[in-house]
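[1] Below are the sequence and a predicted model for it; my questions follow.
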Amino acid sequence: MNFNLSLIVPEFYYLCLVIALMIQSLGSREWKPLVEKWIPFGAGLGFFVTIAGFGLHGTMFWDVYKVDMMSQFFKIAIAFGFFVTSINAARQSTLDEGKRSDYYMMLGFSTLGLMILSSCVELVTIYLALELASYSLYATIPLRAKSKGAAEAGLKYIMFGAVATALSLYGLSYIMASQHTTFIAELATKNWHFADNPMAVAGLCLFLGGMFFKLALFPFHFWCPDVYQGASNETAAFVATLPKMGAVIILVRMAAFIKPGLEVTTLLAVLGACSMTYGNLAALAQKDIKRLLGFSSVAHAGYIMVGLVSGTPEGLAAAAFYALAYLVMNLLVFWIVSRIAVDGRNLLLSDLNGLYKKAPVLAFSLAAGAFALVGLPPTMGFMGKFFLITSAWDHGYNWLVITLVVNSAIAIYYYLSLFRHAFTEDATPELTPDPDTSWYASVGAGMLAATVLVIGILPAPLFNFAIAAGNSLFGIVATGH
Amino acid sequence: MNFGYPVLTLLIAFPVFAACGLFFLRSPQVVRMFTFAVSIVELLLAVPLFGYTPNADFQFVEKIDWVHQWGLQYYLGVDGISILMVWLTLAVLPLCVMCSWTYIGKRVKEFHFCLLFMTSAVLGVFCALDLVLFYVFWEAMLIPMYLLIAVWGGDDRKYASIKFFLYTLAGSTLLLAAIVAFRITGGTFSIPDLMQQNFSFRFQFWAFLAMALAFAIKVPMFPFHTWLPAAHVQAPSAGSVILAAVLLKMGTYGFLRFCLPLTPAASEYFAPMMIAISIASILYGGAIALGQTDIKKLVAYSSVGHMGFVTLGIFLFNQRGVEGALFQMLNHGIVTGALFMMIGAVYERSHSRDIAKNMGLGKYLPAFMFFWGFMALASFGFPGTNGFVGEILVFVGAFQQSTILGFLLVPGALLAAAYMFRVSLKMAWGKPSTAKAWRDLNAREWVYLTVPAVFVLWIGLAPAPFFNIIDPSIKNLLGDFEKRKVAHLETEQPMQTAAGDLFRAVAVKQ
């Protein structure tokens, strides 16, 4: 079973981290150091460990576990996301004192699951990793002190998640029955035309449904705005970003054999178009910022489909790059939301009024985040969108590309209103507490905003990494190994 | 040409870096001085541009790989079409700083930051020779302009600024799709390389429509013009000046730089439609301007009319027409910019833009009224002023094309005289309401009005140097256009092809 520990150093590190958290959560509440004091360092070290492992490649456990460029790209993204979200959660005011280490443990487990997920190349393994990533999240969502909304959101997430997983498992059985394998590399050599193999295609659609649920793609998106709204800001920052990485990596791996012209591919494209249109239109009417971001992430899930349906290494690279851009942009915006809502309340758009005066750094960073989400240059969002469009043009889905650009035009309005409230409206005297303007808040926001801008101006290094990853994926598919 | 340093990059980068310096300053007066100094330094940095040799090549070219994988380049250069626009942008900046010296009272630092940032972005638009770079700068100028209107604008600023932003961005999203399509079909983002290629008519058809929508919104041409009066009326006077003098030119520049060279056959095919829309803009803009009671709105609608002359000149495809269009772009920038500055000056005195509240200035503000009358004459093309040069060239071009077309322009020119006379006569000799106590122009106002006035006369009386600069490029553009516009309309059957494309797309979707 060719086990090789050096290949899974990042996963192993996170396993140790989670075990440490578990021990602390079992122990006395007075244990020092407090979990908030050390977890940022632990997560930061994890980020570096993951980066250090970017060159690893090999397979393990009878080829169900594959460490390659694509998996390392996503592991780095996930490790970065966990790093930022764990710092972000350090000042969470709506978390009960006694549940802090449990909270981080849950997040850690989810991260571990997602990291394992990035390397899975076999459907049953994927399913198991997905469950590990999901179950711990089901428990974190209701952890918002005295909030009925959070309980409701948690329940919704579990219900939707259970149904989606059940569907996915059901689809898995169909695929197994008709194609006689669950290895992605072997599935790639099979026939996926509906006319020849209807059962397998139906099974694949159902299996993808589970991924769509994670990604909040239409029509599996209903949980998304409600869960964002119900969960605390910090938890929402996690739910909005990391699990989507897991879904994207699986879709990217499977997209290597979803060729343009297949029924499944067209289905992906149509769902992508519906998702972006519906998400953007619904976001136009939102007042609650987290709901707005929820619908916006429905739209962004649709954008990612544009890269997946193109069936080229560039397309997959563009999808991976966009997923990373999505992660950073959302972490940025959620960071600001969490810092403005120091008491942990849900923010309305009008709560942003006069932000430029109260907290100029947060306001500037919010502007960078909002315009990146729109896809205005020179931000990461623009480059991501641009790569998506370029890779997908002339591969049979030009109408999807046109839908994307038209959708960006719709999306401007609500992202602009974030900017508008922060910069042009004057503050109304209220009883709400002032935003956090400490070094911690400003430096975090500034660093994330700088990341969004710098990668927007100089995307080449990161993008070449993604391209190499996309190529490696295709090389594997071509040889059928 | 080599000056030992990248001239265009420096011109684009300097204002942004200088703008960052603003955050270290405190007093508003120092901020104004600083920005003014920056704008003068920026003009000095542009001195090497005098080394421009009048030929059709791109000059001051800079080329660096940006994202190699996708063929993105940092590719700058100017030719006869863009260099005048670059100069115009550079010259407008100090005037904007001066005309908002006392006009802007709040958030002075941010205001000047926006001005400088905008200058950089606009210069980038006029210098970029890579499609994506162009798009980056094109979008970059949106945010500062939005802020100029939304923060320092009039009472209805929220409505006007959102309308401006949505209109412009909605137009430019399709431009992005067209840019990508050019890359996939032509294999490069570099504009000079794409100019050498022949695209199928079917491709040109859609690419032209996507680009023309973006540019027509920016110009703005008749059915898409509604954002302009709103934006102009609400914007502070420096905002209006930049908007009128520079931003509108980006649309017509786009037509010249992209539509004609890249999609010549489609330009030829759509020319009748574009000409019809241009004439509609001229007549409609003039007629609406005639009925305005708000001076600023009047000048805004007059812009719609003037820009109609520009687009008309472009789509005549003859030497005189395009020359006239370029001159009209320059002239409109100078004259309308000056008119907006004067409206700002008089607004500071009367706190109203109604004609009725600003009457009888001939007696109390003679210097102001002198400049106003002078610019009004230039605006409707009085001989001896620059407006005349541009307008007569477009007229000549139009008559060359067809006599009927030429005659259609006559009422447009008459309307321009009519609305300008109407407002100027009232302002000069109407019954004054409160004008008695107002001071006439101060030294600062003298300076910022004299500069455009000099150019009005210079271009009006001795336009030869300007012709020398623009002619080679225009000849090249049109010669190239003649060679490549060949489209076999009979065999291509444009409408059927287009309809076929659409139906296929719908069929695939299902």
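    That came through, no problem.
[2] What ranges does the stretch 51-200 of chain A have for its helices?
    A:69-88, A:100-119, A:123-140, A:148-179, A:184-187, A:198-215 (DSSP state H, counting those that start in this stretch).
[3] quick one, what contacts residue A:133?
    By C-beta atoms under 8 Å, 6 or more residues apart in numbering or on different chains, the contact list for residue A:133 reads A:109, A:110, A:111, A:112, A:113, A:114, A:117, A:243, A:246. Just so you know, the C-beta spots here come from the backbone N, C-alpha and C atoms, and that holds for glycine as well.
[4] And it, what's its pLDDT?
    In this prediction, residue A:133 carries a pLDDT score of 89.
[5] With adjacent residues omitted, what lies nearest to it?
    Spatial nearest neighbour of residue A:133, excluding adjacent residues (C-beta to C-beta, 6 or more residues apart in numbering or on different chains): residue A:113 at 3.1 Å.
[6] Which residues are in contact with that neighbour?
    The contact partners of residue A:113, taken as C-beta under 8 Å, 6+ apart, are A:129, A:130, A:131, A:132, A:133, A:134, A:136, A:246.
[7] just the buried members of the residues you listed?
    A:129, A:130, A:132, A:133, A:134, A:136, A:246 (16 or more other C-beta atoms under 10 Å in any protein chain shown).
[8] Let me know the closest of those to residue A:94.
    residue A:136 (18.9 Å; C-beta to C-beta).
[9] so what pLDDT did the closest one get?
    So, for residue A:136, pLDDT stands at 87.
[10] Near residue 6, how many other residues are there?
    Chain wasn't specified; assuming chain A. 10 (other C-beta atoms under 10 Å in any protein chain shown).
[11] Please refer instead to chain B.
    16.
[12] sec struct for the nearest residue to it once chain neighbours are set aside, please.
    Once flanking residues are discounted, residue B:6 sits nearest to residue B:62: 5.0 Å by C-beta to C-beta, 6+ apart. Judged by DSSP: H, G, I helix; E, B strand; the rest coil, the three-state class of residue B:62 is strand.
[13] quick one, phi psi at residue A:197?
    phi -140, psi 60 (degrees, to the nearest 10).
[14] residues touching it, list them.
    Counted by C-beta under 8 Å, 6+ apart, residue A:197 has contacts A:178, A:179, A:190, A:191.
[15] Would you list the buried entries among those residues?
    A:178, A:179.
[16] Show me which residues of chain A sit near chain B.
    Applying C-beta under 8 Å from any C-beta of the partner chain, we find that chain A lies next to chain B at A:266, A:270, A:367, A:371, A:374, A:376-378, A:382, A:386-387, A:389-390, A:393-394, A:396, A:398-399, A:401-402, A:405-406, A:408-409, A:412-413, A:416, A:420, A:423-424, A:459-460, A:463-464, A:467.
[17] Let's see that with 7 Å instead.
    Residues of chain A found near chain B (C-beta under 7 Å from any C-beta of the partner chain) are A:371, A:376-378, A:386-387, A:389-390, A:393-394, A:399, A:401-402, A:405-406, A:408-409, A:412-413, A:416, A:420, A:423-424, A:459-460, A:463-464, A:467.
[18] in stretch B:290-305, what counts as buried?
    So, applying 16+ other C-beta under 10 Å, buried residues of stretch B:290-305: B:290, B:292, B:294-305.
[19] Can I get stretch B:342-359 in PDB? Just the C-alpha atoms.
    Taking C-alpha atoms only, stretch B:342-359 is exported to PDB below (Å, rounded to 0.1, in the frame of the first residue of the first chain):
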ATOM      1  CA  MET B 342     -16.800  79.300 -16.100                       C
ATOM      2  CA  ILE B 343     -20.100  77.800 -14.900                       C
ATOM      3  CA  GLY B 344     -18.200  76.700 -11.800                       C
ATOM      4  CA  ALA B 345     -16.900  80.300 -11.300                       C
ATOM      5  CA  VAL B 346     -20.300  81.900 -11.700                       C
ATOM      6  CA  TYR B 347     -21.900  79.200  -9.400                       C
ATOM      7  CA  GLU B 348     -19.500  80.200  -6.700                       C
ATOM      8  CA  ARG B 349     -20.900  83.700  -6.900                       C
ATOM      9  CA  SER B 350     -24.600  83.000  -7.400                       C
ATOM     10  CA  HIS B 351     -24.900  79.500  -5.900                       C
ATOM     11  CA  SER B 352     -27.300  78.600  -8.700                       C
ATOM     12  CA  ARG B 353     -27.000  77.300 -12.200                       C
ATOM     13  CA  ASP B 354     -30.300  78.700 -13.400                       C
ATOM     14  CA  ILE B 355     -30.000  81.100 -16.300                       C
ATOM     15  CA  ALA B 356     -32.500  83.300 -14.500                       C
ATOM     16  CA  LYS B 357     -30.300  83.700 -11.500                       C
ATOM     17  CA  ASN B 358     -27.200  84.600 -13.500                       C
ATOM     18  CA  MET B 359     -28.400  87.400 -15.800                       C
END
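[20] which among the contacts of residue A:133 gets closest to chain B?
    residue A:246 (26.2 Å; C-beta to the nearest C-beta).
[21] Let me see the contact set for that closest one.
    The contact partners of residue A:246, by C-beta atoms under 7 Å, 6 or more residues apart in numbering or on different chains, come to A:114, A:117, A:130, A:133, A:214.
[22] How about residue A:232?
    Contacts of residue A:232 (C-beta under 7 Å, 6+ apart): A:92, A:94, A:95, A:144, A:150, A:344.
[23] number of nearby residues for the fifth one?
    Around residue A:150 sit 22 other residues, with neighbours defined as other C-beta under 10 Å.
[24] pLDDT score for it?
    pLDDT, residue A:150: 86.
[25] Quick one, grab the pLDDT at the closest residue to it other than its chain neighbours.
    Distances taken as C-beta to C-beta, 6+ apart place residue A:144 nearest to residue A:150, at 3.7 Å, with adjacent residues excluded. pLDDT for residue A:144: 80.
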